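In: any chance you can model this:
(one chain, ligands or ions: 1)
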Amino acid sequence: MKAIQVHEFGAPDVMKLEEIPTPKPGPGQVLVRVKAVGVNPYDTYMRSGGYAIKPSLPYTPGSDAAGTVETVGAGVSRVKPGARVYTARSITGAYAEFALALESQVHPLPECASFAQGAGVWVPYGTAYHALHHFAHACAGEVVLIHGASGGVGTAAVQIARAMGLTVFGTAGTEKGLELAKREGAHQVFDHRASGYQESILKAAGGRGVDIILEMLANVNLGADLKLLATNGRVIVIGSRGDVNITPRDLMSRRGSILAFTLWSISETEERETHAGLIAGLENGTLRPVVGKELPLAAAVQAHKDVMTPGAFGKIVLLP
Ligand code: NAP
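Out: A predicted model of the protein is given here:
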């Protein structure tokens with residue numbers, strides 16, 4: 001099969017499209033014929049060698065594949081050959097024509113979602129769901145600011161929060177990103193590159209502040225975020241690419257909290273609940289992954305450059 005292989009950590013061009021043996025499923029394993037692969041920012045951190053998790057070399061990147069079950073190993077009962085599925089992690093990596101996964105890493109992809117959309121489910125929607133439900137404990141009627149609402153996690157969070165009955169504020173850095181956040185359900189949108197936009201957010205929140213902030217770039221925004229919080233407000237740090245200074249008194253005076261997680265640390269129970277919620281949302285149409293760009297698998301190098309370039313618009317997906 002064709003697969004992207006990384007033999008050394010480094011710049012995007014360390015990724016090479018190579019011919020490697022197609023894996024065979026052992027007991028409890030599933031071989032997925034990959035139709036689409038989601039490109040996530042963490043794929044680039046891992047490839048560069050600067051991420052907390054360093055796979056042993058060589059490796060095939062990617063956790064988010066969508067496709068059909070090709071074959072199953074002994075004892076697999078949840079899926080059958082031919083079934084449409086998405087993956088949440090895998091054993092052999094998703095940037096390939098086939099991905100070997102544990103049975104527990106494979107989930108049904110509803111008919112109404114395309115394979116390209118299925119490749120945008122696990123990391124973006126899993127993260128947004130985990131943040132809103134398990135960390136923010138968001139309630140209908142609360143105000144959430146999705147700070148970075150134009151990308152994979154942000155568009156997912158806008159749709160989930162809107163379906164939960166929250167008032168949704170979203171930010172983006174381009175006109176098309178702002179339009180996307182609005183189209184996907186944000187009640188109000190703000191340009192995070194415009195000076196003084198935080199004041200516009202406070203004004204939109206009637207001066208009381210926002211209850212929840214889902215933060216995609218904490219190293220830039222965390223200090224200012226604390227000044228936007230309502231009493232008992234919470235910031236959920238989803239993304240950060242460096243250090244930041246904060247003024248703790250901004251939190252103290254608001255009884256505020258800062259919470260943070262990586263999706264790698266989700267518990268089995270939380271993950272089970274997350275997949276159930278996401279599959280239901282895909283089925284009932286409240287969750288509609290936005291595919292902004294489709295590229296061939298051979299263009300993985302370009303995809304890694306694109307995903308780190310400002311001007312996000314939903315997901316970038318590779319097609320093997
Ligand atoms: P993405 O698709 O590349 O989107 C990036 C988002 O960040 C866009 O909405 C972008 O807006 C926005 N952004 C850029 N500059 C910003 C600023 N100054 N203030 C606020 N937002 C800004 O990436 P993603 O998949 O949505 O992931 C977002 C971040 O979360 C990444 O850093 C990623 O590594 C991280 N993440 C963490 C977890 C976890 O487990 N904790 C899981 C998934 C993702 P414009 O491009 O419109 O400016």
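
In: let's verify residue 128: helix, strand, or coil?
Out: helix (DSSP: H, G, I helix; E, B strand; the rest coil).

In: does stretch 286-295 reach the ligand?
Out: No - using C-beta under 6 Å from any ligand atom, stretch 286-295 stays clear of the ligand, coming no nearer than 8.5 Å. For every residue, glycine as well, the C-beta is placed using N, CA and C.

In: stretch 184-197 now?
Out: Yes - applying C-beta under 6 Å from any ligand atom, one finds stretch 184-197 touching the ligand at residue 192.

In: pull up the distance across that stretch, start to finish.
Out: One end of stretch 184-197 to the other measures 21 Å (C-alpha to C-alpha, to the nearest Å).

In: pLDDT (mean, whole number) over it?
Out: The predicted model assigns stretch 184-197 a mean pLDDT of 98.

In: quick one: buried residues of stretch 196-209?
Out: By neighbour count on 16 or more other C-beta atoms under 10 Å, the buried set for stretch 196-209 is 198, 201, 204-205, 209.

In: just give me the neighbour total for residue 188.
Out: 17 (other C-beta atoms under 10 Å).

In: so which of the buried residues of stretch 196-209 is the closest to residue 177?
Out: For these, the minimum distance to residue 177 (C-beta to C-beta) is 16.1 Å, reached by residue 201.

In: need the three-state assignment for that closest one.
Out: Strictly by three-state DSSP, residue 201 counts as helix.

In: so it touches residue 228, yeah?
Out: Yes - at 5.8 Å, residue 201 counts as touching residue 228 under the criterion of C-beta atoms under 8 Å.

In: which residues do those two both contact?
Out: 145, 210 (C-beta atoms under 8 Å, 6 or more residues apart in numbering).

In: out of the buried residues of stretch 196-209, who's nearest the ligand?
Out: residue 198 (10.7 Å; C-beta to the nearest ligand atom).

In: so where does that closest one fall, helix or strand?
Out: Residue 198 is located in helix 197-204, with elements delineated by DSSP states H and E.

In: now for that helix, which elements pack on it?
Out: Identification of packing neighbours for helix 197-204 by 3 or more C-beta pairs under 8 Å, 6 or more residues apart in numbering; DSSP states H and E yields strand 167-172, strand 188-191.

In: what number of residues are in the vicinity of the residue of the stretch 201-320 of the chain found nearest the ligand?
Out: When distances are taken as C-beta to the nearest ligand atom, the stretch 201-320 of the chain reaches nearest to the ligand at residue 239, 2.7 Å away. Each residue near residue 239 was counted by other C-beta under 10 Å, and the total is 21.
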